[in-house]
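Undergrad: one predicted model, sequence on top.
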Amino acid sequence: MTTTHPWWTSAVVYQIYPRSFADSNGDGIGDLPGITGRLDYLADLGVDVLWLSPVYPSPQDDNGYDISDYQDIDPVFGTLDDFDKLLAAVHDRGMKLIMDLVVNHTSDEHPWFTEARSGPDSPRRDWYWWRPARPGMGPGTPGAEPNNWGSFFSGPAWEYDARSGEYYLHLFSRKQPDLNWENPEVRQAVYAMMRWWLDRGVDGFRMDVINLVSKDPALPDGHVPEGSRYGDGSPFYVCGPRIHEFLREMHREVFAGRGDRLLTVGEMPGVTVEEARLFTDPARAEVDMVFQFEHVGLDQGNGKFDVRPLRLRDLKASLGRWQAGLNDTGWNSLYWNNHDQPRVVSRFGDDSPRHRVRSATMLATVLHLHRGTPYIYQGEELGMTNAPFTSIDDFRDIESLNHYAHAVAAGEDPERVLAGLRAMGRDNARTPMQWDDSRHAGFTTGEPWIPVHPGHREINAAQATADSGSVYHYYRRLIALRHTEPAVAHGDFTPLLHDDDRVYAFTRRHGDTELLVLGNFTGDPAPVVLPADWENADLVLGNVPGAGPLTAELTLEPWEARIHRKRNR
């Protein structure tokens, strides 16, 4: 009996950060016509879906994740007509386009919030979380916040509004007030907006921090970790009490009856495997897949900017747990990079000229051969690296700037703080796409909003597309393998060499086809002892030209990756 799999199980998604992708008008900021002009590059790469980070009107406090109008395009990116042309051109090339849905919060300049903050009697006051000061404390004084929660972007999660004498909740920037999903009017307004975009032709949504929309209405204080000024409110808003109810309602109101062409992925910080099974169980009709953050926290100590060496066995255990947990129910999203993460070749690989290409392709091999839908972030397919930031003046991101200010004010060594930002700051992902070796890498004819990486003269799309041995062409081959070999998309997953701190190894099996995947995570040769039944198995793809046959005792070269295939009778 043939099993029909959803189309997105064999698809590959490419994330575009519009501000940094391609600038068509020379103002130094990427835009929609710029993306349209580069679609053939993406079609040639072979990706199936484009995910656009926010292009809505925004004051740009958090680079567009603070939205002031959900049903228009920010002039810096173009117009709705430009968007319609882009969407049509994407569809003409056989690709799909999904939008970024940011509905945990709006901008404080959104008309909903402008009306809400006009006073306690506003009809939309309850569209957001407003609370008075703590009993017995003067409004606006330190410690008078309604609870002790901290913001993801440093400081308290509450902002005092002197006009009304109350505070509003903002889990992120103070210019990103949280919507109150307990109010059914809020939910219906969000669903109406989503239907408007789907009716326009978009193919789904990536849902920003969607598992934070349900909050315990009591908003209790959180536990204060040692060394922290603020309480951890996450037990009261991460996968909160009504989150599954809300997502099932969203599915009924927005997606039901629209066929199977759409894709929904929920970004869910702090989600567990057990919760993800519920979110992605097709029978529950919530979302198709989730982004989880466990594996990108393994090299962090006390916070994301406290960088620790990655232990490979920890990475294997983490990814393996998610593979096993969603094996029979649900689906994985696979990623190393996105707009919130540093460049993986600098993080888990070796970005030196000697090993950059080899380590970038090894990392790609290991990720793409897991069970799930791979997500490529712009420039990843070129092996783009972290940027050489020299001072805090080089950074643009609100998270990094706030962290630096708070950490230095608290007495931390500025150079130590900068070292953490260089390694983990989000601006590493936001330097402009490197198209060629010209002055601004072909990104813009003007002055870019953030400096182009100086390495663009060696690492760029023009060079990579002309070189059959480049990271780009290796990604093309990986994507093609997913499209043509059912074992990649649909095979089961069996981990090997659990305790090996150098080699990542696993098999994928589908029907009578079995794949063996090997990746050396070090810059040294790594011996591997494999079961004898893999000897002389065909090499499907590898990143070392002229790699020898597979033997029971094999030594992988530095950063080497291999995919072998055999037929079981």
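TA: Looks like it came in fine. This one's a predicted model, so the numbers in the text were calculated from it and none came from an experiment. Residues are numbered from 1 along each chain as shown.
Undergrad: read off the pLDDT value for Thr2.
TA: In this prediction, Thr2 carries a pLDDT score of 46.
Undergrad: what's the answer for His105, then?
TA: Each residue has a pLDDT score; the one for His105 is 98.
Undergrad: roughly how far apart are the residue lying closest to it once chain neighbours are set aside and Val271?
TA: Excluding the flanking residues, the one nearest His105 by CB to CB, 6 or more residues apart in numbering is Gln176, at 4.2 Å. C-beta coordinates here come from the backbone N, C-alpha and C atoms, glycine included. Using CB to CB, to the nearest Å, Gln176 is found at 21 Å from Val271.
Undergrad: got the phi/psi numbers for Thr555?
TA: Backbone torsions for Thr555, taken as degrees, to the nearest 10, come to phi -110, psi 120.
Undergrad: specify the beta-bridge partners of it.
TA: Pro527 (DSSP bridges).
Undergrad: quick check: chain neighbours aside, which residue is closest to Met268?
TA: In space, Met268 is closest to Asn211, 3.9 Å off (CB to CB, 6+ apart).
Undergrad: I'd guessed Gly165 sits against Gly138; true?
TA: No: using CB atoms under 8 Å, Gly165 is not in contact with Gly138; the gap is 10.3 Å.
Undergrad: which ones are touching the closest residue to Thr114 other than its chain neighbours?
TA: The shortest distance from Thr114 to any non-neighbouring residue, by CB to CB, 6+ apart, is to Asp108 (8.0 Å). For Asp108, the contacting residues are Asp66, Thr114, Arg117, Arg174, Lys175, Gln176, Pro177, by CB atoms under 8 Å, 6 or more residues apart in numbering.
Undergrad: show me where pLDDT drops low in the chain?
TA: Within the chain, the segments meeting pLDDT under 70 span 1-3.
Undergrad: any idea how far Gln60 is from the nearest residue to Val471 once chain neighbours are set aside?
TA: Nearest residue to Val471, sequence neighbours excluded (CB to CB, 6+ apart): Gly383, at 3.9 Å. Distance of Gly383 to Gln60, given as CB to CB: 29 Å.
Undergrad: what does the longest helix seen in the chain contact?
TA: Assignment by DSSP state H gives helix 184-200 as the longest helix of the chain. Contact partners of helix 184-200, identified using CB under 8 Å, 6+ apart, comprise 70-71, 84, 87, 99, 101, 103, 112, 127, 179-181, 205, 246, 249-250, 253-255, 258, 262.
Undergrad: contacting residues around the residue nearest to Val471?
TA: So, once contact is read as CB under 8 Å, 6+ apart, Gly383 ends up touching Val345, Arg356, Val357, Ala360, Thr361, Ile459, Ala464, Ser470, Val471.
Undergrad: the second one and Met384, how far apart?
TA: Put plainly, it is Arg356. 10 Å.
Undergrad: need the overlap of contacts for the two.
TA: Val345, Ile459.
Undergrad: for those two, indicate the residue with more neighbours.
TA: Met384 (30 against 22; other CB atoms under 10 Å).
Undergrad: if I read this right, Met207 contacts Leu263, doesn't it?
TA: No: with contact defined as CB under 8 Å, Met207 does not count as touching Leu263 (10.9 Å).
Undergrad: which stretches of the stretch 51-200 of the chain form strands?
TA: 96-101, 130-131, 158-161, 166-169 (DSSP state E, counting those that start in this stretch).
Undergrad: make JSON lines from those strands and add mean neighbour count and distance to Pro54 to it.
TA: Shown next, in JSON lines, are those (neighbours: other CB atoms under 10 Å; distance: least, CB to CB, whole Å):
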{"stretch": "strand 96-101", "mean neighbour count": "23", "distance to Pro54": "5"}
{"stretch": "strand 130-131", "mean neighbour count": "18", "distance to Pro54": "25"}
{"stretch": "strand 158-161", "mean neighbour count": "20", "distance to Pro54": "22"}
{"stretch": "strand 166-169", "mean neighbour count": "23", "distance to Pro54": "21"}
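Undergrad: for Leu310, which of those strands is the nearest?
TA: strand 96-101 (28.4 Å; CB to CB).
Undergrad: any idea how far that closest one is from the chain center?
TA: 13 Å (CA atoms, centre = their mean, to the nearest Å).
Undergrad: now the angle from it to helix 184-200?
TA: 160 degrees (axes from the mean of the first three to the mean of the last three CA atoms, to 10 degrees).
Undergrad: give me the contacts around strand 96-101.
TA: Here strand 96-101 has contacts from 13, 48-54, 65, 86-87, 90-91, 194, 197, 202-208, 210, 261, 263, 265, using CB under 8 Å, 6+ apart.
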